[in-house]
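Trainee: sequence and predicted structure below; questions after.
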Amino acid sequence: MSTAIAELERIADLHWRAPERASLGEWQLRAAGGFTGRANSALPLGSPAMPLDGAVQAVVSWYRERGLPPMITIPGPAGELDDFLAGLGWTMRSGAAYVMTARAGSLPAPRAAARLDASPDAGWLTLFRGGDVHPCALELLMSAPWQAFGSFRSGAEIRAVGRVSVAEGWGAITALEVAPAWRRRGLGAALTSALCAAAGADRILLQVAIDNAPAIALYEGLGFRISHRYHYRVAPA
């Protein structure tokens with residue numbers, strides 16, 4: 001893993017902080033009751049301060065003690081760790097994603113004013129992940145040093161929602177959702193622009209599933225470019 005990718009992954013981790021964490025050398029172990037892959041996987045950013053086989057076994061033990069499937073994030077091109085885990089029978093989990101970045105100065109100015117709240121209200125949560133709010137969701141949504149929750153509404157109707165957070169000079173866009181009846185009308189792009197402006201940061205990052213071609217096209221149209229991809233390896237049962 002390159003130094004640039006490792007640093008970007010470290011920054012991204014500051015925006016979505018799992019409530020339970022432990023260090024294994026330079027690896028970070030993260031748990032949040034199983035809600036989202038990023039918050040429930042080990043993040044290997046450097047040396048685990050022990051031989052690789054021992055580090056992997058330590059990861060397995062830590063997650064199984066919490067009733068969670070042992071999982072490790074693999075950022076960037078597949079390398080030694082990915083090959084090692086594959087040889088142990090660790091499988092690739094669905095949900096591989098790209099990390100995309102942009103300079104704030106290259107992004108278009110917001111076309112519409114979004115409502116911004118310091119915390120997600122009941123209306124915002126009805127659209128987030130279909131309204132199925134996990135017990136750890138609120139803690140993760142509020143886990144960055146600073147965050148705001150944007151939305152487009154008409155009365156009680158929630159048309160689009162999204163979260164922007166800021167940490168160490170980076171903004172991050174997460175939890176962007178557009179109501180099915182309002183898709184393909186430009187609301188996703190408009191809300192992304194509004195959230196980026198609200199961040200007041202020079203650089204912005206986001207993650208998007210590699211098979212979500214419409215979203216990738218949307219973000220590229222705004223000026224985001226792919227930095228790298230990541231996937232997860234899950235231990236055999």
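Mentor: On my side now, so go ahead.

Trainee: with adjacent residues omitted, what lies nearest to the residue nearest the centre of the chain?
Mentor: In the chain, the residue lying closest to the centroid (CA atoms, centre = their mean) is residue 207, at 5.4 Å. Using CB to CB, 6 or more residues apart in numbering and skipping residues adjacent in sequence, the residue nearest residue 207 is residue 97, 4.8 Å away. Yep, even glycine has a C-beta here, placed from its N, CA and C like the rest.

Trainee: now do the SS call for that neighbour.
Mentor: strand (DSSP: H, G, I helix; E, B strand; the rest coil).

Trainee: contacts only, for it.
Mentor: 207, 208, 209, 210, 229, 230, 231 (CB atoms under 8 Å, 6 or more residues apart in numbering).

Trainee: and if you look at residue 96?
Mentor: Contact analysis of residue 96 by CB under 8 Å, 6+ apart lists 209, 210, 229, 230, 231, 232.

Trainee: of these, keep whichever come out buried.
Mentor: 229, 230, 231, 232 (16 or more other CB atoms under 10 Å).

Trainee: help me confirm that the second one is found in a strand?
Mentor: Yes - residue assignment for residue 230, taken from three-state DSSP, places it within a strand.

Trainee: thought residue 189 was touching residue 178, still the case?
Mentor: No - with contacts counted by CB atoms under 8 Å, residue 178 stays clear of residue 189, the gap being 9.9 Å.

Trainee: so between those two, which is more surrounded?
Mentor: Under the neighbour definition other CB atoms under 10 Å, residue 178 and residue 189 were set side by side, and residue 178 has more, 22 against 16.

Trainee: if I look at that one, how far off is residue 29?
Mentor: Distance from residue 178 to residue 29, counting by CB to CB, to the nearest Å: 34 Å.

Trainee: and the buried ones among the contacts of residue 96, which is closest to residue 91?
Mentor: Of all the buried ones among the contacts of residue 96, residue 232 has the smallest distance to residue 91: 9.3 Å, by CB to CB.

Trainee: what is the burial count for the closest residue to that closest one other than its chain neighbours?
Mentor: Among residues not flanking residue 232 along the chain, residue 93 sits closest, at 4.0 Å (CB to CB, 6+ apart). Neighbour count of residue 93, defined by other CB under 10 Å: 16.

Trainee: surely the residue nearest to the centre of the chain is within a strand?
Mentor: Yes - looking at residue 207 with three-state DSSP, it is inside a strand.

Trainee: now the strands: where do they sit in this structure?
Mentor: Along the chain, counting by DSSP state E, strands occupy 20-24, 27-31, 43-44, 71-75, 91-103, 115-117, 146-154, 157-167, 170-178, 203-209, 225-234.

Trainee: closest one to residue 52 among the ones you listed?
Mentor: Of all those, strand 43-44 sits nearest to residue 52, with 9.6 Å by CB to CB.
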